[in-house]
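Participant: return atomic coordinates for the entry below.
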Amino acid sequence: MVRRALALLDVFPRWLRWVAFVPLGVWCSGLIEQLFEACLDVAGTPPSGDSGAGLLRPGIIKFISGATVTLFPAVLSPKPWPVAIVLFAVGLLLSLAPVGYRLAMHYASSQVLLAVGAFVVDTLGGGLALYLVRRFSPPPRGTAVEKS
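Facilitator: Residues are numbered from 1 along each chain as shown. All right, here's what the predicted structure looks like:
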């Protein structure tokens, strides 16, 4: 059933799939997260981290969030594997950001934090640019295999 639903995406132009896969995938992810939150509310799990069940609830929500934010946009995109890798890396960096921030506030001044942040953002932007250039640039001349 899922394959049939995904096959329906092939009727859309590739540019439309490239434009719509992130917003639509993130929306689907949010919908699934809300459904799981409602199920956890019905199950009666406490929303705070005061007990074991209170730690279980945010753990389940974070797991569902990580899985669906990576999965849905990747499946909806024309190139699922590279998009999944990029979304996983971005999600990982976003989840590590609070830890890095607390460490930076504890060990460094705000100027060092800004410099490290600028470095990370610049590196991410450059890496994305390198990927896009590598992916969409035509092959160099003379590298095509000639048919005899």
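
Participant: so Arg57, which state does it fall into?
Facilitator: Using DSSP: H, G, I helix; E, B strand; the rest coil, the structure places Arg57 in helix.

Participant: helix, strand, or coil at the residue lying closest to it once chain neighbours are set aside?
Facilitator: Spatially, and ignoring its direct neighbours in sequence, Arg57 is nearest to Thr45 (4.4 Å; Cβ to Cβ, 6 or more residues apart in numbering). Any C-beta I mention is one placed from the backbone N, CA and C, and that applies to glycine too. At Thr45 the chain is in coil, as set by three-state DSSP.

Participant: neighbours of Thr45, just the number please.
Facilitator: 17 (other Cβ atoms under 10 Å).

Participant: same thing with Val86?
Facilitator: 19.

Participant: packing partners of the host helix or strand of it?
Facilitator: According to DSSP states H and E, Val86 maps onto helix 80-107. The contact analysis (3 or more Cβ pairs under 8 Å, 6 or more residues apart in numbering; DSSP states H and E) places helix 80-107 against helix 52-76, helix 110-136.

Participant: hmm, 6 Å instead?
Facilitator: When contacts are defined as 3 or more Cβ pairs under 6 Å, 6 or more residues apart in numbering; DSSP states H and E, helix 80-107 packs onto helix 52-76.
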